[in-house]
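A.B. asks: dropping the sequence and predicted coords here.
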Amino acid sequence: MRYSQYMLNTVKEVPADAEVLSHQLMIRTGMIKKVAAGIYSYLPFGLRALRKVEQIVREEMNRAGAIEVLMPMVTPAELWQESGRWQQYGKELLRIKDRKQADFCLGPTHEEVITDIVRREIRSYRQLPLNLYQIQTKFRDEIRPRFGLMRGREFIMKDAYSFDLDDAGADESYRKMYQAYRRIFERCGLKFRAVEADSGAIGGSFSHEFMVLAESGEDAIVSCDSCEYAANVEKAELKAAGTAAAPAAQLEKVLTPARRSIEEVAAYLKLDPWQLVKTLVVETDSGEVVAVLLRGDRELNTIKLCNLLDADWVEMASDETVLKATGAPTGFAGPVGLTLRILADLEVEAMSDFVVGANEKDYHYTGANHGRDFQVERFADLRQAVAGDACPRCDGKLESWRGVEVGHVFKLGTKYSESMAAKVLDEQGRERALVMGCYGIGIGRTVAASIEQNHDENGIIWPMPIAPFQVLITLVNPKDEAVCEAGEKLYRDLLEQGIEVLLDDRDERPGSKFKDADLIGIPLRVTVGSRGLKDGNLELQVRRGGERSMVPLAEVASRVA
Ligand code: ATP
Ligand code: MG
Ligand code: MG
Ligand code: MG
């Protein structure tokens, strides 16, 4: 590709809403253009990176035995009514009507559609196991789209769905996907970890999230320093350490004795209600005082509470034993509805036995310190909670970090196959509900996460496997005949070898070309200048680390390959 004929306009300014580096760099390198909140066009340079990730995903899914399909983005309400999610899904599900007033929605995920396909196509256990996947555009009307492609409303996802006759088969399908995911993220050049995750609304029997390590990540993760244990704190749970709590004087009192809706609580605590992981002491309508852990469930559009004494998650709307539902607070769709009486007249000192900082940076109580003031425990161990950041699996210590969820594997069980009657005949001729799994990867989010991990102050540093181009040839002065000739020849030679090359043949100052080269971050760079050419050399430079060497003209093509 010739830069002079390409559409790759780098920009200096970044919009005010670009808070994280990957978003800023994607805008500055002209990879994406915002069309509306959380909705982007992919421009040529950005699209190349997305396609690279897609290709890796496709190859690894195929290698794992999954088969590609493509489902529609617009899906009929009937399917969602069958599974019950038409009612359960909150405002993230964008519902639309056609000209006949029939209800449809834009698919945020495709369990219903795929289950409908499989129940009509698959009759016998002999056709199993089956794993179908697609790479397709999703729509989720996210409450707070942000960070560019990291949390868009429209985004590209690879979603796969496995179907097995029994649990053992489903576990094997899950294991295969887990391995495929490891390969995918390794090939993308990412530092990641698979962590145990709450299976949330989909209600699987187990699930793992693939987390890319990044400071800007929205998820908080703990992992053990000596064993394999790693979990999303949504599952691992935060627990206050009564013994090591910060002195009361250092904690700012953030709760007031008032009746508040969840939404008000969230606003008051400066938290996105859907990201709430919060320990509170509350009073129920029946006057009982309980310590609870609170978390929003985006998919179901509900708030879940865990009574720390029972160590059990409860969906507030459906359980009256912890807190009583008292009608939906405004602003929430779905089955949410409760009022909390937050007991702030408890002394802060007493509260600090229970109440800890939120999982969001900058939202901790003033003076509270993660690690010093609270520990992490699994629910099961909560009742016998002891001091010290002990790993629930071994004698190791837990460490905490932040991550970006790029992939998620769920064992679904029979939730959809039961409700939608997806059954097959087994060897004995008996009807059995299929045991399912579902597996998602955010394509755009993976590209963004890669940039989060691979950049310096001058720009992106693409890992070779997902780089939009592998080699950049910069003609220092394209008007110089010798430079032009040597550069063009190298360009043709590399193209012939199947290498993706961008030839910077623009009539620009060398300084601004080098700046752009750093910014767009192509891994290998060949600089063709008259000075080096006099000695028959071109300069080869590696973007990561910046190592340079002069290479004889004739050897460049083979060195690059
Ligand atoms: P999150 O917790 O970040 O909201 P999720 O758990 O709702 O994500 P899943 O339903 O597990 O997402 O979807 C599978 C994958 O799709 C995620 O692991 C992520 O990579 C990607 N994804 C989900 N929501 C978005 C989004 N709004 N923008 C971009 N990618 C997304
Ligand atoms: Mg979500
Ligand atoms: Mg998630
Ligand atoms: Mg998820």
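C.D. replies: The structure has been received and is ready for your questions. Ligands and ions are numbered 1, 2, ... in the order given.

A.B. asks: going by C-alpha atoms from here, please, whenever you check contacts or count neighbours.
C.D. replies: Noted.

A.B. asks: mean confidence for stretch 437-444?
C.D. replies: For stretch 437-444, mean pLDDT is 98.

A.B. asks: so how far is it from its chain's centroid?
C.D. replies: Mean-position distance between stretch 437-444 and its chain equals 9 Å (C-alpha atoms, centre = their mean, to the nearest Å).

A.B. asks: restrict that stretch to CA atoms and write it as CSV.
C.D. replies: Extracted as CSV, the C-alpha positions of stretch 437-444 are listed here (Å, rounded to 0.1, in the frame of the first residue of the first chain):
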residue,chain,number,x,y,z
GLY,A,437,-21.7,-23.8,26.4
CYS,A,438,-21.2,-20.4,25.1
TYR,A,439,-17.9,-18.6,24.3
GLY,A,440,-17.4,-14.9,23.4
ILE,A,441,-14.4,-12.8,22.4
GLY,A,442,-14.6,-9.1,21.8
ILE,A,443,-12.7,-8.4,18.6
GLY,A,444,-12.4,-4.7,18.8
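
A.B. asks: kindly report the residues of the stretch 401-550 of the chain close to ligand 1.
C.D. replies: Contact residues, the stretch 401-550 of the chain versus ligand 1 (C-alpha under 6 Å from any ligand atom): 405-408, 440-442, 445.

A.B. asks: which of the residues you listed are buried?
C.D. replies: Taking 16 or more other C-alpha atoms under 10 Å as the criterion, what is buried in these is 405-408, 440-442, 445.

A.B. asks: restricted to helices, list those residues.
C.D. replies: Among those, the members found in helices (DSSP state H) are residue 445.

A.B. asks: what residues does the stretch 51-200 of the chain put near ligand 1?
C.D. replies: 149-153, 155, 157.

A.B. asks: save the residues you listed as TSV, and put in secondary structure and neighbour count too.
C.D. replies: What follows is these, written out as TSV (DSSP: H, G, I helix; E, B strand; the rest coil; neighbours: other C-alpha atoms under 10 Å):
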residue	secondary structure	neighbour count
149	helix	28
150	helix	26
151	strand	20
152	coil	24
153	coil	24
155	strand	21
157	strand	25
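
A.B. asks: residue ranges in the protein under the pLDDT threshold?
C.D. replies: The model of the chain has pLDDT under 70 over residues 198-205, 233-390.

A.B. asks: center of it - which residue?
C.D. replies: residue 405 (3.0 Å; C-alpha atoms, centre = their mean).

A.B. asks: can you tell me the SS state at the nearest residue to that one once chain neighbours are set aside?
C.D. replies: Among residues not flanking residue 405 along the chain, residue 211 sits closest, at 4.6 Å (C-alpha to C-alpha, 6 or more residues apart in numbering). Secondary structure state of residue 211, per DSSP: H, G, I helix; E, B strand; the rest coil, is strand.

A.B. asks: surely residue 211 is in contact with residue 193?
C.D. replies: Yes. If you go by C-alpha atoms under 8 Å, residue 211 and residue 193 touch, sitting 5.3 Å apart.

A.B. asks: which one's more surrounded, these two?
C.D. replies: Per other C-alpha atoms under 10 Å, whichever of residue 211 and residue 193 has more neighbours is residue 211, with 27 against 21.

A.B. asks: name the nearest of the buried ones among the residues of the stretch 401-550 of the chain next to ligand 1 relative to residue 515.
C.D. replies: residue 445 (25.9 Å; C-alpha to C-alpha).

A.B. asks: show me what contacts the closest one?
C.D. replies: Each residue near residue 445 by C-alpha atoms under 8 Å, 6 or more residues apart in numbering is listed here: 149-151, 406.

A.B. asks: thinking again about what came up before, the residue nearest to the centre of the chain contacts residue 219, doesn't it?
C.D. replies: Yes. Using C-alpha under 8 Å, residue 405 is in contact with residue 219, at 7.2 Å.

A.B. asks: that's a helix at residue 86, yeah?
C.D. replies: Yes. Per three-state DSSP, residue 86 lies within a helix segment.

A.B. asks: excluding covalently adjacent residues, which one is nearest to it?
C.D. replies: Nearest to residue 86 is residue 80, by C-alpha to C-alpha, 6+ apart, at 4.8 Å.

A.B. asks: beta-bridge partners for residue 136, please?
C.D. replies: Counting by DSSP bridges, residue 136 forms beta bridges with residue 157.

A.B. asks: tally of neighbours for it?
C.D. replies: The number of residues packed near residue 136 is 18, by other C-alpha under 10 Å.

A.B. asks: indicate the residue of the stretch 151-300 of the chain located nearest to ligand 1.
C.D. replies: For the stretch 151-300 of the chain, the residue closest to ligand 1 is residue 151, as judged by C-alpha to the nearest ligand atom, at 3.5 Å.

A.B. asks: what sits closest to that residue if chain neighbours are left out?
C.D. replies: Residue 151's closest residue in space is residue 145 (C-alpha to C-alpha, 6+ apart), at 5.3 Å.

A.B. asks: residue contacts, residue 18?
C.D. replies: 24, 146-148.

A.B. asks: keep only those of these that are in strands.
C.D. replies: Counted as lying in strands by DSSP state E, out of the contacts of residue 18, is not a single one.

A.B. asks: which of those residues ranks first by neighbour count?
C.D. replies: Neighbour-wise, the contacts of residue 18 (other C-alpha under 10 Å) top out at residue 148, 28 neighbours.

A.B. asks: ok, how many other residues are close to the nearest residue to that one once chain neighbours are set aside?
C.D. replies: Using C-alpha to C-alpha, 6+ apart and skipping residues adjacent in sequence, the residue nearest residue 148 is residue 23, 5.1 Å away. Close neighbours of residue 23, defined as other C-alpha under 10 Å, add up to 24.
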